[in-house]
Structure formats: C-alpha cells, structure tokens
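Enquirer: for reference, the sequence and a predicted model appear below.
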Amino acid sequence: MNPFQSALLRPPITPLVYGNGLLSHQTDRWPESAHRRVAAGGEAQHERPSACRALPNPCSRSLLCYGEPLQIPTVRDVLLARRQIAPHLPRTPVHRYPALDALLGARVYVKHENYLPVGAFKVRGGVNLVSQLSAEERARGVITASTGNHGQSVAFAAQRFGVPARIVVPERANPGKVAAMTGMGAEVIHHGPDFDAARRHCEQLAREHGYRYIHSGDEPLLIAGVATETLELLEDEPGIELIIVPLRGGSGAAGACIAARAINPASR
Ligand SMILES: Cc1ncc(COP(=O)(O)O)c(C=O)c1O
C-alpha cells in the first residue's frame, strides 16, 4: 500500500485548538502548557502571551483581535473572499494525470496553485486581507514575518493596493524569495536564525512603529482568502472524497476544512 492509499484509510485527525481558537498541528509552535494539556488528554487551548495583546493589530472587521475569542470564518466569508480576489487573481486549473492515477490507485485531481502570481495559494489570503484594510491601516503600512511564500503574498497584495510593506525574514532566508519580495517593492528586513526570531522582531517593530501586523495564520480574512482554493476545487469536482493540503501554520488547511465541510461534509 502506498502513502496515498494509507491516507485514504486513516481516520480523520482530531483537530486541536491552538491560540485563541485557530486549529494548528504545528506542534513546535505550541507553548509547554499546550503540550501538557494534550498529554493529559485535553485540548491545546492557551492564552496568547500578554505582549501580543498590545500589538497594534486590531482586525479592521473585528473578526479577530488578539486577546479576544477567534471568530472562525464561515463559507459566507469564503464566498465574499472569492468576489474580492476575482479582479486580481485568475481561477487556477485542475488537471488529471493518468500516470499519477495509476501510481496512486485513485482518481487524482491536481489543483494548480502554481499558476497564481508568486506561485502559491497563499496569495489568495494576502489579496483578500490587504484589499480590505482601512485607509488608516493602509497609511500606517503593513508588516509581517515569513520564510518566503506568505511574505511574497503580502508583498504582492501591498504593491497591488499601494500599501507600504515590510517583511521580516530569517537571516538565511531563501535569496530567490527575498529577491521576489524586494522586486515587488517590499522592504525586506533580515533578522535572527529562524522564523520565530524573525516573528518576534516583526512584532516588536509593529509595536514601535504602529504598522499593521499581518499574522501568517491568525487572520480570518487570510483564512477565508486561501479557502477559495477549495471552493473552486469543489465547484469543479464536488464529489472529491479526500483533499490533501500542505500544512505548516495551518491557514491553508483551516480554509480547506471550512469550504469542504460546507460543500461536501462527507469529504475528508
Ligand atoms: C506552497 C506552500 N505550502 C504550504 C504552506 C504552509 O501553509 P500554512 O502555513 O497555511 O499551513 C505554505 C506557506 O507558505 C506554502 O506556501
């Protein structure tokens, strides 16, 4: 049995609640207390560090503010997001590959998000969020931390809507992705050995200068934006049984779950 076939047979993963409600399986981002709770059979729910609550990042639509309960986007938000991004991003094609079907022993549909500008699904979220910033937030400019694709997404959207953007990346960030971000007009700031160090520096700069901080996952408009990928996929192929998405912080997976549960609850 190959990995794809065993994934089909595996029971669904029980979601864990991280932060103020965001689903995440990126366990290296959990605090000790969350691991302890899970080990004891509970949920990984925990309070966001108080420093974060002081960040100048109130969500303009008040769907999510640090320190407040997360309001998870609904499929209605996904439909609104699709309308919002449509003038800026093309619908991506779904292709079939008979050799891939034969290899995996299933009918496989590949959603080609690499056809999007910046070459990744993340740009859907960046465009949905930045396009809805208030005039005051646009004037302040945005800042985010990224190792690459999220930063490119924010740089692309910021350029499109004339918003100054700063992206904090780890010192050894991929030079090609850094060049892409600067090419789109963003100011790239190198800081620290890894993503978490870059993120902390980013949050400090946001506090000091009042930039609109765009979290790479805890952003309802970002999640609703990336969920449009699954919405399009299920419009093309409503009967899909299993959707496989890449996972890191969890925004793409959260979006896929929101759209899939609403359209085809039997899918996994
Ligand atoms: C191509 C690709 N796959 C997976 C991920 C992880 O996404 P998430 O952090 O939303 O889980 C990213 C994030 O940048 C990405 O660009």
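Expert: Alright, I've got the coordinates.
Enquirer: how about the residues of the stretch 51-200 of the chain near the ligand?
Expert: 120, 122, 149-150 (Cβ under 6 Å from any ligand atom). (C-beta placed from N, C-alpha, C; glycine too.)
Enquirer: ok, H112 touching V94?
Expert: Yes - H112 lies in contact with V94 (Cβ atoms under 8 Å); the separation is 7.2 Å.
Enquirer: as a markdown table, the residues of the stretch 51-200 of the chain next to the ligand with neighbour count and pLDDT would be great.
Expert: As requested, those are arranged in a markdown table below (neighbours: other Cβ atoms under 10 Å; pLDDT from 0 to 100):
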| residue | neighbour count | pLDDT |
| --- | --- | --- |
| A120 | 18 | 94 |
| K122 | 27 | 96 |
| N149 | 20 | 93 |
| H150 | 26 | 96 |
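Enquirer: just those: which are in helices?
Expert: In helices, defined here by DSSP state H, the members of those are 122, 149-150.
Enquirer: what is the nearest of the residues of the stretch 51-200 of the chain next to the ligand to the ligand?
Expert: Taking Cβ to the nearest ligand atom as the measure, the ligand sits nearest to N149 out of those, at 3.1 Å.
Enquirer: residue contacts, that closest one?
Expert: By Cβ atoms under 8 Å, 6 or more residues apart in numbering, N149 lies in contact with 118-120, 122, 177.
Enquirer: what's the farthest-apart pair in those?
Expert: K122 and K177 (11.6 Å; Cβ to Cβ).
Enquirer: okay, and the common contacts of the two?
Expert: 149, 152.
Enquirer: more neighbours: which of H112 and V94?
Expert: V94 (15 against 10; other Cβ atoms under 10 Å).
Enquirer: contacting residues around that one?
Expert: Going by Cβ under 8 Å, 6+ apart, V94 touches 109-112, 233, 236-237.
Enquirer: please apply the same query to E237.
Expert: 94, 109.
Enquirer: can you rerun that using 6 Å?
Expert: The contact partners of E237, taken as Cβ atoms under 6 Å, 6 or more residues apart in numbering, are Y109.
Enquirer: same check, this time on A179
Expert: So, once contact is read as Cβ under 6 Å, 6+ apart, A179 ends up touching nothing.
Enquirer: quick check: it vs A155, distance?
Expert: Noted for A179: a distance of 11 Å to A155, by Cβ to Cβ, to the nearest Å.
Enquirer: next one: V188
Expert: As for V188, its distance to A155 is 9 Å (criterion: Cβ to Cβ).
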